[in-house]
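>>> can't give you the sequence, but here's the structure:
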């Protein structure tokens, strides 16, 4: 098949969205750092250990599929339990996707009070992540700082099950962990700002543990949102205004609270890019966040377990809703593109945008 | 011999303690039940098990979430640990046996743990293999325990592809063993395409789905 000719570069297309202007067509965001590695013949362990390979794989795969390379990030998150002393495990099984926690740094109440702040330049994966961002910078791209929300990172430090129990019985322990996560995130962000300059930094946040598959909207409102508020106040004060938020998983019950926060004076700057899991209807997302760019939300498992026709049809359905979104739309999987998706299924995003994603 | 009224009062108290996440009350009431000679089996079935069925409903309807479910389970086990050793031998026949685990490559075990709780509460014998379980371990454990059902969980798209391999291994040993699967990236359609006999969207639904599967198995065997 012959693809229609783009009339904008990736940079121009993204900039048009950020200016609330219609681009030539819907951009495509792969959310595919693991897929890129497999696509280029690398291992998922190398994604963690070899920033140059990860960067090349991202660049080349985006070129191959004609996907948006800007604002793409290196999985896994910059920060997390590793920084606070968890014992980690590289993806050593053919079925593992990413680095995983083997033993949490915090297991008891005493551990919480004895926990120390990590070094903001050397802890965990920070040295490898900044190396990756240096490559983005060298290529003239924005540098993407990707991390979990403070609530999510707090939960990761002790493990979600322990955190869930404490949240009801001893919330002061959770507050302490979230506070430390918040301070650590901002300390490391300062390192990024000092290295690259605030104007180049894009902050990408994700919050899978805030999903209603785990926590109630009441708990998210009470314990997660105040930290989101403080985080954005302080991030803005550092001069970082570009924000991308992956609202991961089933978060329908949280949307009213997030929307209220987003539209408040303390909310994130607009337009930010908001990415949603397939559990959220794109029309609902657009209704709640009219001033932001909506991104999503093809069910990831379809790319891996479905047929190419199914993947194409899911992309078409997303495009049908997405193209009407006033604040702008980016086609993407609802979460990370499965690394072992058949390449032809992944290409269905490109094909569907070619067929249904043009604005005129 | 305690009166019927007193029996019902204590069992209702036990039920409420679990639904209200009150671990201490569940333990106290369980001790009282033993002291007053209340039928232990009845207390477990109508107090603890019935309460966890209610908790499962509250979870499915999104009135309870993971924190509440975990705390209810703490109350459940506080009661169960005291009462279970006193159930008479002829009353201890289990509903069934299940081998459960998170497949290799995946360390996300909250969902599996919640499902385990629901099976424990419903009177099943659960053989929990844990998380990141080597594929062959499921079939081995099924053979060792002669369990009726194997339950597999995966949260990652990379680990979900291990599920059909495990199903193949289990069925190669005994095609009559039923397999149920669950986890965020899975759907009923994918489960079917992997050769699973059942699928549950959440912990609240898992016991009912598996009980149906077991009944089907028994029916086809008879």
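Cool, got the structure. The model shown is predicted, which means the values in this text are computed figures rather than measured ones.
>>> Do you know the pLDDT at residue B:62?
What the model reports for residue B:62 is a pLDDT of 93.
>>> Surely it is in a helix?
No - read with DSSP: H, G, I helix; E, B strand; the rest coil, residue B:62 is coil and lies in no helix.
>>> Identify the residues contacting residue B:209.
For residue B:209, the contacting residues are B:180, B:198-200, taking C-beta atoms under 8 Å, 6 or more residues apart in numbering or on different chains as the criterion. C-beta here means a position set from N, CA and C on the backbone, and glycine is covered the same way.
>>> distance of it from residue B:36?
Using C-beta to C-beta, to the nearest Å, one obtains 37 Å as the distance from residue B:209 to residue B:36.
>>> Would you confirm that residue A:232 belongs to a strand?
No - secondary structure assignment places residue A:232 outside any strand; it is helix (three-state DSSP).
>>> doesn't residue A:264 make contact with it?
No - counting by C-beta atoms under 8 Å, residue A:264 is not a contact partner of residue A:232; they are 9.8 Å apart.
>>> More neighbours: which of the two?
In this view residue A:232 and residue A:264 are compared by other C-beta atoms under 10 Å in any protein chain shown, and residue A:232 has more residues nearby, 23 against 11.
>>> nearest residue to the residue positioned nearest the centre of chain B other than its sequence neighbours?
To find the centre residue of chain B, average its C-alpha atoms and take the closest one (C-alpha atoms, centre = their mean): that gives residue B:119, at 1.3 Å. Counting by C-beta to C-beta, 6 or more residues apart in numbering or on different chains, the nearest residue to residue B:119 once its immediate chain neighbours are dropped is residue B:126, at 5.0 Å.
>>> Can you point out the helix or strand that includes the residue of chain B found nearest chain A?
Nearest residue of chain B to chain A, counting by C-beta to the nearest C-beta: residue B:105, 2.9 Å away. In this assignment (DSSP states H and E), residue B:105 forms part of neither any helix nor any strand.
>>> For it, give me the pLDDT.
According to the model, residue B:105 carries a pLDDT of 91.
>>> Compute the number of surrounding residues for it.
26.
>>> and it, what is it in contact with?
Residue B:105 sits next to A:91, A:93-97, B:132, B:156, B:158-159, B:162 when contact means C-beta under 8 Å, 6+ apart.
>>> right, and out of these, which lies closest to residue B:17?
The nearest member of the contacts of residue B:105 to residue B:17, counting by C-beta to C-beta, is residue B:132 at 34.5 Å.
>>> Now that closest one. Nearest residue, chain neighbours left out?
The spatially closest residue to residue B:132, leaving aside those adjacent along the chain, is residue B:107, at 5.3 Å (C-beta to C-beta, 6+ apart).
>>> re earlier: how about TSV for the contacts of residue B:105, with secondary structure, pLDDT and neighbour count added?
As requested, those are arranged in TSV below (DSSP: H, G, I helix; E, B strand; the rest coil; pLDDT from 0 to 100; neighbours: other C-beta atoms under 10 Å in any protein chain shown):
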residue	secondary structure	pLDDT	neighbour count
A:91	coil	85	23
A:93	coil	88	20
A:94	coil	88	13
A:95	coil	89	22
A:96	coil	86	22
A:97	coil	79	23
B:132	coil	94	22
B:156	coil	89	27
B:158	helix	88	26
B:159	helix	92	26
B:162	coil	95	26
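>>> Could you find the closest non-adjacent residue to whichever residue of chain A sits closest to chain B?
With C-beta to the nearest C-beta, the shortest gap between chain A and chain B falls at residue A:95, namely 2.9 Å. Sequence neighbours aside, residue B:105 is the residue nearest to residue A:95 in space, at 2.9 Å (criterion: C-beta to C-beta, 6+ apart).
>>> Quick check, pLDDT for residue A:76.
The per-residue pLDDT reported for residue A:76 equals 64.
>>> Share the number of residues neighbouring residue A:281, please.
In terms of burial, residue A:281 registers 14 neighbours under the definition other C-beta under 10 Å.
>>> Report the contact partners of the closest residue to it other than its chain neighbours.
What sits nearest to residue A:281 in space, not counting adjacent residues and going by C-beta to C-beta, 6+ apart, is residue A:321, at 7.7 Å. When contacts are counted by C-beta under 8 Å, 6+ apart, residue A:321 is found next to A:281-283.
>>> okay, these in JSON lines with secondary structure, distance to residue A:108 and pLDDT next?
What follows is those, written out as JSON lines (DSSP: H, G, I helix; E, B strand; the rest coil; distance: C-beta to C-beta, whole Å; pLDDT from 0 to 100):
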{"residue": "A:281", "secondary structure": "coil", "distance to residue A:108": "42", "pLDDT": "98"}
{"residue": "A:282", "secondary structure": "helix", "distance to residue A:108": "43", "pLDDT": "98"}
{"residue": "A:283", "secondary structure": "helix", "distance to residue A:108": "46", "pLDDT": "97"}
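>>> before we move on, back to that, can you tell me which of the contacts of residue B:209 lies closest to residue A:358?
Out of those, the member with the shortest distance to residue A:358 (by C-beta to C-beta) is residue B:199, at 38.6 Å.
>>> Name the nearest residue to that closest one, sequence neighbours excluded.
Beyond its immediate neighbours in the sequence, the residue positioned closest to residue B:199 (C-beta to C-beta, 6+ apart) is residue B:191, lying 3.7 Å away.
>>> mind checking the SS state of residue A:275?
When the structure is split into helix, strand and coil by three-state DSSP, residue A:275 lands in strand.
>>> correction: residue A:202
Assignment for residue A:202 (three-state DSSP): strand.
>>> Tell me where chain B has strands.
Using DSSP state E, the strands of chain B run over B:97-102, B:125-128, B:149-153, B:178-182, B:198-199.
>>> near chain A, which residues of chain B?
Where proximity means C-beta under 8 Å from any C-beta of the partner chain, the interface of chain B facing chain A comprises B:21, B:62, B:65-68, B:70-71, B:74, B:103-107, B:110, B:113, B:132, B:156-162, B:184-187, B:190, B:193.
>>> buried subset of the residues you listed?
The neighbour-count test (16 or more other C-beta atoms under 10 Å in any protein chain shown) applied to these identifies B:21, B:65-68, B:70-71, B:74, B:103-107, B:110, B:113, B:132, B:156-162, B:184-186, B:190 as buried.
>>> In helices only, show me those residues.
By the criterion of DSSP state H, membership of these in helices covers B:66-68, B:70-71, B:74, B:110, B:113, B:157-160, B:190.
>>> which of the residues in the lowest-mean-pLDDT helix or strand in chain B are buried?
The helix or strand of chain B with the lowest confidence, counting by mean pLDDT, DSSP states H and E, is helix B:203-221 at a mean of 86. By neighbour count, and taking 16+ other C-beta under 10 Å as the criterion, the buried residues in helix B:203-221 are B:203-207, B:209-210, B:213-214, B:217.
>>> How far does that helix sit from its chain's centre?
Between the centre of helix B:203-221 and the centre of its chain there are 12 Å (C-alpha atoms, centre = their mean, to the nearest Å).
>>> quick one, it and strand B:149-153 angle?
In terms of direction (axes from the mean of the first three to the mean of the last three C-alpha atoms, to 10 degrees), helix B:203-221 departs from strand B:149-153 by 150 degrees.
>>> Find the residue closest to residue A:94 in space, skipping its chain neighbours.
Nearest residue to residue A:94 in three dimensions, chain neighbours excluded: residue B:105, at 7.1 Å (C-beta to C-beta, 6+ apart).
>>> roughly how far apart are that neighbour and residue B:193?
As it turns out, when the distance is counted by C-beta to C-beta, residue B:105 lies 20 Å from residue B:193.
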